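Q: quick one: sequence and predicted model below, then my questions.
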Amino acid sequence: GFFMLLMGFMLVPSEFPVWLRWAYSVPFHTYTWRSFMYIEFSGPENVFDSVELPTGMDVLRAYEIEDVNYGHDMLVLFGYAIIIHLISASIILVRQRKANRIEDEMTADEEAKDEIGVTARLNGHLFHRHQK
């Protein structure tokens with residue numbers, strides 16, 4: 001939510017407070033949005049019936065994204081995807097190991113209870129045998 005406000009659609013980067021300028025580069029929304037905008041509005045064929053924004057490049061200038069490096073943005077998004085997948089895989093791995101450890105402890109407890117029960121039955125049988 002918070003970073004979506006700072007991706008350049010609601011506020012262009014020059015309108016950010018100085019102490020928040022770093023936030024423009026953090027969210028992945030910034031890279032997807034400006035890449036899509038660049039693909040849509042760059043090129044000479046984008047001419048509109050508008051006084052304020054007659055061409056696609058004027059739209060890009062209004063949002064301060066006329067100098068987009070599409071390849072760089074795609075690499076950043078690929079990096080985000082790798083990082084998110086690694087974090088997700090790590091969480092799954094840790095949770096699976098914890099579940100396996102709990103299952104092993106439960107199995108060991110059941111085996112110990114079985115051994116205690118067998119020993120108690122044997123001791124009881126031996127006890128009854130000695131009483132006779």
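A: That came in fine, so what should we check first?

Q: now the helices for this protein?
A: Counting by DSSP state H, the chain has helices at residues 2-5, 28-41, 56-62, 70-131.

Q: mean pLDDT lowest where, among those?
A: Of all the helices of the chain, the minimum mean pLDDT falls on helix 2-5 (a mean of 74).

Q: CA atoms of that one as PDB?
A: Taking C-alpha atoms only, helix 2-5 is exported to PDB below (Å, rounded to 0.1, in the frame of the first residue of the first chain):
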ATOM      1  CA  PHE A   2       2.400   2.700   1.100                       C
ATOM      2  CA  PHE A   3       4.900   2.100  -1.700                       C
ATOM      3  CA  MET A   4       2.200   2.200  -4.300                       C
ATOM      4  CA  LEU A   5       1.700   5.900  -3.500                       C
END
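
Q: what helices or strands is that helix leaning on?
A: helix 28-41 (3 or more CB pairs under 8 Å, 6 or more residues apart in numbering; DSSP states H and E). All C-beta atoms are positioned from the backbone trio N, CA, C, and that covers glycine.

Q: extract the CA atoms of the helix it packs on and return them as CSV.
A: Presented in CSV, the C-alpha positions along helix 28-41 are these (Å, rounded to 0.1, in the frame of the first residue of the first chain):
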residue,chain,number,x,y,z
PHE,A,28,8.6,-3.3,-7.7
HIS,A,29,5.5,-1.3,-8.7
THR,A,30,7.7,1.5,-9.8
TYR,A,31,9.6,-0.7,-12.3
THR,A,32,6.5,-2.4,-13.7
TRP,A,33,4.4,0.8,-14.0
ARG,A,34,7.1,2.9,-15.7
SER,A,35,8.1,0.1,-18.1
PHE,A,36,4.4,-0.5,-19.1
MET,A,37,4.0,3.3,-19.5
TYR,A,38,7.1,3.5,-21.6
ILE,A,39,6.0,0.7,-23.9
GLU,A,40,2.6,2.2,-24.3
PHE,A,41,3.5,5.8,-24.9
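
Q: how far does that helix sit from its chain's centre?
A: Chain-centre distance of helix 28-41: 20 Å, with CA atoms, centre = their mean, to the nearest Å.
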